[in-house]
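Enquirer: Using only what follows, build the 3D model:
(chains A, B, C and D)
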Protein chains: 2
Amino acid sequence: MTVEQDFFNQYRLMYRPFINQVNVQLEKYQLYSSQWAVLRLLNDKGRHSFVEIANYMSIEKPSVTRFVHKLVELGYVETVAGRDKREKLVQLTAYGEELVLEIKAHLKPLFEQALAGVSKQEIEIATQVLAKICANINR
Amino acid sequence: MTVEQDFFNQYRLMYRPFINQVNVQLEKYQLYSSQWAVLRLLNDKGRHSFVEIANYMSIEKPSVTRFVHKLVELGYVETVAGRDKREKLVQLTAYGEELVLEIKAHLKPLFEQALAGVSKQEIEIATQVLAKICANINR
DNA sequence: TAAATTAGTTAGCCTAGGTAACTATATACC
DNA sequence: GGTATATAGTTACCTAGGCTAACTAATTTA
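Expert: Residues are numbered from 1 along each chain as shown, chains lettered A, B, ... in the order given. Coordinates of the predicted model:
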């Protein structure tokens, strides 16, 4: 078995337990991990149109419509007029912004426990590897 | 944003494009990436019971039943009697074994392209980080 | 100004997971 | 030994979270 295959095997193996743990932590906010990913994007990089969110997350527009409508219902985000009459921008509400901070703090222990015994340097290398793969794949 | 959160964000971001690419490559074998993961397990580590497969993949037994029945239909695996009358072991057929080799070769270029510009050493570190997380989470 | 493109929506489908409840077998406990 | 509990796999049905196709409205291009 090659190092490459090994890596992707391990990558895959981690997915379900990780997502399950995150979902357990997010339950009290009525969120799933994919909805949380949208909130994080809006918090870290400001408002985005539906198409921008779709591209960022590598999903299709109808899926974004559903996520966003759910998040609007929960009062975490709102849509505002975009650059022209077609476009709508999604942004966090004041409540949503508070919540993101709270959730980040709430998730922190999980992330730290998951990465226990791994040095900062190793985490950074692993992060760079993942980023590089994204760039290679989406090219 | 902490290095931990950054890492998990990047991890998540890679998932969909990666799985989609793998699925495209597996289409000609009528497989999805999760079914392929089962075949790989059987090839790399020999025959497993349904429960063992469920534990390894962090999924529930009914999901395994479905996977395996699909793979039996395709003629890639077969079930044999286990250690007692309840247990059934799943193993590759001769055809399945050939196929695993073929698929591994078929996927190799994709993995190499995805990891282009990443050193063996970095890949190994990233793999260890992922394995460590699995161990930490499942504890 | 007609044709093509783009943003978002709607409807309906599929995968890949889940839970609950079941059968058959095996083990543990009085 | 017989009853209670546990375990392996199955069945039926539910859900999250994707997808495509076809649509409307607005915009850009030819």
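
Enquirer: hey, let's count contacts and neighbours off CA atoms from now on
Expert: Will do.

Enquirer: And the residue nearest to the spatial centre of chain A, how far from A:F67?
Expert: By C-alpha atoms, centre = their mean, chain A has its centre lying nearest to A:A37, at 2.1 Å. As defined by C-alpha to C-alpha, to the nearest Å, A:A37 lies at a distance of 10 Å from A:F67.

Enquirer: and the longest helix belonging to chain A, what other elements does it pack with?
Expert: Identified as the longest helix of chain A according to DSSP state H is helix A:3-26. Counting contacts by 3 or more C-alpha pairs under 8 Å, 6 or more residues apart in numbering or on different chains; DSSP states H and E, helix A:3-26 packs against helix A:33-45, helix A:94-114, helix B:94-114, helix B:120-137.

Enquirer: Just the C-alpha atoms of that helix, please, in PDB.
Expert: In PDB, the C-alpha atoms belonging to helix A:3-26 read as follows (Å, rounded to 0.1, in the frame of the first residue of the first chain):
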ATOM      1  CA  VAL A   3       1.600   6.400   1.400                       C
ATOM      2  CA  GLU A   4      -1.000   8.200  -0.800                       C
ATOM      3  CA  GLN A   5      -3.600   5.400  -0.400                       C
ATOM      4  CA  ASP A   6      -2.800   5.200   3.300                       C
ATOM      5  CA  PHE A   7      -3.400   8.900   3.700                       C
ATOM      6  CA  PHE A   8      -6.800   8.900   1.900                       C
ATOM      7  CA  ASN A   9      -7.900   5.800   3.800                       C
ATOM      8  CA  GLN A  10      -7.200   7.400   7.100                       C
ATOM      9  CA  TYR A  11      -8.800  10.600   5.900                       C
ATOM     10  CA  ARG A  12     -12.000   8.700   5.100                       C
ATOM     11  CA  LEU A  13     -11.900   6.700   8.300                       C
ATOM     12  CA  MET A  14     -11.900   9.900  10.400                       C
ATOM     13  CA  TYR A  15     -14.900  11.500   8.800                       C
ATOM     14  CA  ARG A  16     -17.900   9.800  10.400                       C
ATOM     15  CA  PRO A  17     -16.700   9.800  14.000                       C
ATOM     16  CA  PHE A  18     -15.600  13.400  13.700                       C
ATOM     17  CA  ILE A  19     -18.800  14.700  12.200                       C
ATOM     18  CA  ASN A  20     -20.900  12.700  14.700                       C
ATOM     19  CA  GLN A  21     -19.100  14.200  17.600                       C
ATOM     20  CA  VAL A  22     -19.500  17.700  16.200                       C
ATOM     21  CA  ASN A  23     -23.200  17.100  15.600                       C
ATOM     22  CA  VAL A  24     -23.700  16.100  19.200                       C
ATOM     23  CA  GLN A  25     -22.100  19.300  20.400                       C
ATOM     24  CA  LEU A  26     -24.200  21.400  17.900                       C
END
